[in-house]
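Enquirer: My questions are about this predicted structure, shown below with the sequence.
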There are 2 protein chains.
Amino acid sequence: MKCTRCRAPAEINLRSHHSAFCRPCFILFFQRQVERTIKRDRMFTPEEHILVAVSGGKDSLALWDVLISHGYHTAGLYLDLGIGDYSAHSREKVERFAAHHNVSLHVVPLAQEAVSVPVATLFTNRVPCAACGAMKRHFFDRYALEGGFQVLATGHNLDDEAARLLGNVLHWQTEYLAREKPVLHPTHPRFVRKVRPLYRTSELETAVYAFFRGIDYVIEECPNSVGATQLFYKEMLNKIESQMPGTKLSFVQEFLRSAQRLFVAPDGSPPRECEVCGMPSFAPVCSFCKLMQEVERKREDQRSAMSGQRSAFSPVSESES
Amino acid sequence: MKCTRCRAPAEINLRSHHSAFCRPCFILFFQRQVERTIKRDRMFTPEEHILVAVSGGKDSLALWDVLISHGYHTAGLYLDLGIGDYSAHSREKVERFAAHHNVSLHVVPLAQEAVSVPVATLFTNRVPCAACGAMKRHFFDRYALEGGFQVLATGHNLDDEAARLLGNVLHWQTEYLAREKPVLHPTHPRFVRKVRPLYRTSELETAVYAFFRGIDYVIEECPNSVGATQLFYKEMLNKIESQMPGTKLSFVQEFLRSAQRLFVAPDGSPPRECEVCGMPSFAPVCSFCKLMQEVERKREDQRSAMSGQRSAFSPVSESES
């Protein structure tokens, strides 16, 4: 098999693109594809400051790598979720990547700044991914605002988008479908633009790009993702893709081109500001602050129970029940 | 496991309904479910005359059986597609069913009335299912009209609907999605109402119903369906269903409840009448008559070639090239 661009021996065959590439040509192809997506969807300009949310995985580091290569003004934001070895390893990868490229990185250790994901799960009735999601959204938004960034970029790839779309379509979640866009413009002055420059590149493509570029990323998946519905949808879509190459891309692209506009978000007032933290929120208290209050209450309960001072009929325990 | 209705030992467990049934209770459950669908979607009334398109398979015979049991005025329409043993066996099953229930059956032998599916495929460039579909639509519509029926009922089940919906959604075929309804009201005076009373009952349920009722149906699939995309989508949906019971039903129901109305068929003039057969058609000649003309031309060519009368430069062969 020969490279579609230069006829050198190919190292990667992309059935969905009817193309094969040698290493240098694939890197060029991948970077151009991301650049084209950024321009076509008007995600950001070279003048803007972009905050890249990095997890230490292949996607977010590949995205950061492309943006750095193209000379964009970027800084990284890493949330240390406090999930044992997984977080330790991924933090190490991100810090090494930032040092190697001499780019600015901001690390938020959740255990100190808020609460680690395992503790949040332990103290509340939420599943880990719900608690993690609420904290990620809060710190991404807050740091983008406080750091004076115009844009927040995340590494969601085509497989992520297609799996999310399939899940929303199987249950016809019309409100979610209305918001499923690769560029979300701010609905409040304290929000920044959110973009997904990798939404047209597959998981395989980002993995190959990261490998070809020698990016050292954390290979292990988050231990909480085992059995996640999202992974199951990805598996289904991979089966469909292998039977009908190109389906994943056309599923997402055609949705955005001809169906997305049919799903209209219900009219409503724009978000107000959370009474506790001041970030945009539809409820009086945002979901992050609600989570924190819940953890605090449960911790208080535990402390009271342990010190033996708690009465079964105290007003405090009544109001909590 | 006990029957959810009567506590007798259950013979069938329906995970998607969180129910198990003994034989008599399942028959009751199935018949009531179909009856509820007919009423809820206002498919037809007990006064109307219903033409049931029967193939000899479990779905259409199960549908006919339910309608007969409930005292509806029905007649069957069977198209003998001329597909070797498959057609011979299925015709036999349908004729036996009609004789046993003492109900009226009209048989259209395609080989005599038009052209068999294998011959149509041989003489045209169409895939068998395309030729077969065009002929089925034509004869269903024509016989419903000529027979004075108000309604044409087909045996499409939940799995058929879900597979069709998945295919249309994966490619965002918005025009098809606009027409994906269990009740299609006529858009021309020569069309009758078309309904799918089994669209909420799964393939498993119709198979079990047919078995419990002792319906003798053709088990072999049409030989042309091997490798069909529809079957692949069904397989994918079965995998999803086994992981998340109830997904198939909610996928179809929720589509009809909240998303279907978003897809609007493009405005256009209603169908006119085919210049050849007079049935409704958007083109001057309907797709059935086009198919017949194509077969006739190819047959003519063959006859000319065989009789050695054909000249390579004759005006006839030029106009055909």
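Expert: Ah, there it is.
Enquirer: show me where pLDDT drops low in the stretch 201-321 of chain A?
Expert: A:267-268, A:309-321 (pLDDT under 70).
Enquirer: I'd say A:Q31 and A:Y72 touch.
Expert: No - the pair A:Q31 and A:Y72 does not pass the contact test of C-beta atoms under 8 Å, sitting 11.8 Å apart. Bear in mind the C-beta positions are built from the backbone N, C-alpha and C, glycine included.
Enquirer: Those two: who's more crowded?
Expert: More crowded of A:Q31 and A:Y72, by other C-beta atoms under 10 Å in any protein chain shown: A:Y72, with 22 against 18.
Enquirer: what residues are up against the residue lying closest to the more buried one once chain neighbours are set aside?
Expert: Distances taken as C-beta to C-beta, 6 or more residues apart in numbering or on different chains place A:I50 nearest to A:Y72, at 5.7 Å, with adjacent residues excluded. By C-beta atoms under 8 Å, 6 or more residues apart in numbering or on different chains, the contact set of A:I50 is A:F44, A:L67, A:Y72, A:H73, A:T74, A:A75, A:F149, A:Q150, A:V151, A:L152, A:A153.
Enquirer: What of A:H49?
Expert: A:H73, A:T74, A:A75, A:G147, A:G148, A:F149, A:Q150, A:V151 are the contacts of A:H49 under C-beta under 8 Å, 6+ apart.
Enquirer: out of these, which one sits closest to A:G214?
Expert: The shortest approach to A:G214 among the contacts of A:H49 belongs to A:T74, at 19.1 Å (C-beta to C-beta).
Enquirer: hang on, the closest one is in a strand, isn't it?
Expert: Yes - according to DSSP: H, G, I helix; E, B strand; the rest coil, A:T74 belongs to a strand.
Enquirer: How many residues are close by it?
Expert: 22.
Enquirer: again, but for A:L184
Expert: A:L184 has 15 nearby residues by other C-beta under 10 Å.
Enquirer: now do A:H70
Expert: 14.
Enquirer: wait, doesn't it sit right on A:Q31?
Expert: Yes - if you go by C-beta under 8 Å, A:H70 and A:Q31 touch, sitting 7.0 Å apart.
Enquirer: What are the buried residues along stretch A:49-69?
Expert: A:49-68 (16 or more other C-beta atoms under 10 Å in any protein chain shown).
Enquirer: Keep only those of these that are in helices.
Expert: A:K58, A:D59, A:S60, A:L61, A:A62, A:L63, A:W64, A:D65, A:V66, A:L67, A:I68 (DSSP state H).
Enquirer: Let me know how buried the closest residue to the first one other than its chain neighbours is, in neighbour terms.
Expert: Beyond its immediate neighbours in the sequence, the residue positioned closest to A:K58 (C-beta to C-beta, 6+ apart) is A:A210, lying 4.2 Å away. Taking other C-beta under 10 Å as the criterion, the count of residues near A:A210 is 21.
Enquirer: Can you name the residue of the stretch 101-250 of chain A nearest to chain B?
Expert: Of the stretch 101-250 of chain A, the residue with the smallest distance to chain B, taken as C-beta to the nearest C-beta, is A:W172 at 4.0 Å.
Enquirer: how about the strands in chain A?
Expert: According to DSSP state E, chain A carries its strands in the segments A:12-14, A:19-21, A:49-53, A:73-80, A:105-109, A:151-153, A:183-184, A:193-195, A:272-273, A:280-281.
Enquirer: Cross-check the contacts of A:H49 against chain B and keep the overlap.
Expert: Among these, no residue lies close to chain B (C-beta under 8 Å from any C-beta of the partner chain).
Enquirer: before we move on, the earlier item: quick one: contacts for the residue of the stretch 101-250 of chain A closest to chain B?
Expert: B:F251, B:E254, B:F255, B:R257, B:S258, B:A259.
Enquirer: Show me which residues of the stretch 101-250 of chain A sit near chain B.
Expert: So far as C-beta under 8 Å from any C-beta goes, the stretch 101-250 of chain A lies against chain B at A:169-172, A:174, A:229, A:232, A:236, A:239-240, A:243-244, A:247, A:250.
Enquirer: Which ChimeraX command selects the buried ones in the residues you listed?
Expert: Buried residues among those (16+ other C-beta under 10 Å), as a ChimeraX selection:
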select /A:169,170,172,174,232,236,240,244,247,250
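Enquirer: Which ones among the residues of the stretch 101-250 of chain A next to chain B lie within helices?
Expert: Reading helices off these with DSSP H, I get A:V169, A:L170, A:T174, A:T229, A:F232, A:M236, A:K239, A:I240, A:Q243, A:T247, A:S250.
Enquirer: isn't the fifth one right next to B:T247, touching?
Expert: No - A:F232 is beyond contact range of B:T247, at 11.0 Å (criterion: C-beta under 8 Å).
Enquirer: Between these two, which contacts overlap?
Expert: Common neighbours of A:F232 and B:T247 (C-beta under 8 Å, 6+ apart) are B:I240.
Enquirer: Helices of the stretch 101-250 of chain A, start to end?
Expert: Taking DSSP state H, counting those that start in this stretch, the helices of the stretch 101-250 of chain A run over residues A:110-113, A:117-123, A:128-146, A:158-170, A:174-179, A:203-212, A:229-243, A:247-254.
Enquirer: Tell me which of these is the most buried.
Expert: Here the criterion is mean neighbour count by mean count of other C-beta atoms under 10 Å in any protein chain shown, and of the helices of the stretch 101-250 of chain A the winner is helix A:158-170, at a mean of 23.
Enquirer: and the angle for it with helix A:229-243?
Expert: Here the directions of helix A:158-170 and helix A:229-243 differ by 100 degrees (axes from the mean of the first three to the mean of the last three C-alpha atoms, to 10 degrees).
Enquirer: Could you pull up the mean pLDDT of helix A:158-170?
Expert: For helix A:158-170, mean pLDDT is 97.
Enquirer: could I have it exported to PDB, CA atoms only?
Expert: Extracted in PDB, the C-alpha atoms of helix A:158-170 (Å, rounded to 0.1, in the frame of the first residue of the first chain):
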ATOM      1  CA  LEU A 158     -15.600  12.100  16.100                       C
ATOM      2  CA  ASP A 159     -16.200   8.900  18.100                       C
ATOM      3  CA  ASP A 160     -17.200  10.900  21.200                       C
ATOM      4  CA  GLU A 161     -19.500  13.100  19.100                       C
ATOM      5  CA  ALA A 162     -21.100  10.200  17.200                       C
ATOM      6  CA  ALA A 163     -21.600   8.200  20.500                       C
ATOM      7  CA  ARG A 164     -23.200  11.200  22.100                       C
ATOM      8  CA  LEU A 165     -25.400  11.800  19.000                       C
ATOM      9  CA  LEU A 166     -26.500   8.100  18.900                       C
ATOM     10  CA  GLY A 167     -27.400   8.100  22.600                       C
ATOM     11  CA  ASN A 168     -29.400  11.300  22.200                       C
ATOM     12  CA  VAL A 169     -31.100  10.000  19.000                       C
ATOM     13  CA  LEU A 170     -32.000   6.600  20.500                       C
END
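Enquirer: same for that helix, what does it pack against?
Expert: helix A:174-179, helix A:203-212, helix A:229-243, helix A:247-254, helix B:247-254 (3 or more C-beta pairs under 8 Å, 6 or more residues apart in numbering or on different chains; DSSP states H and E).
Enquirer: Now do A:T4: how many residues are near it, please.
Expert: 18.
Enquirer: can you tell me which two in the residues of the stretch 101-250 of chain A next to chain B are farthest apart?
Expert: A:T174 and A:Q243 (28.5 Å).
Enquirer: can you tell me the distance between the two ends of stretch A:149-168?
Expert: 30 Å (C-alpha to C-alpha, to the nearest Å).
Enquirer: just stretch A:275-284 next, same as before
Expert: 6 Å.
Enquirer: Now it: buried residues?
Expert: Buried residues in stretch A:275-284 (16+ other C-beta under 10 Å): A:M279, A:P280, A:S281.
Enquirer: Could I have the buried ones of the contacts of A:H49 as ChimeraX selection syntax?
Expert: Only the buried members of the contacts of A:H49 end up in this ChimeraX selection, burial being decided by 16+ other C-beta under 10 Å:
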select /A:73,74,75,149,150,151
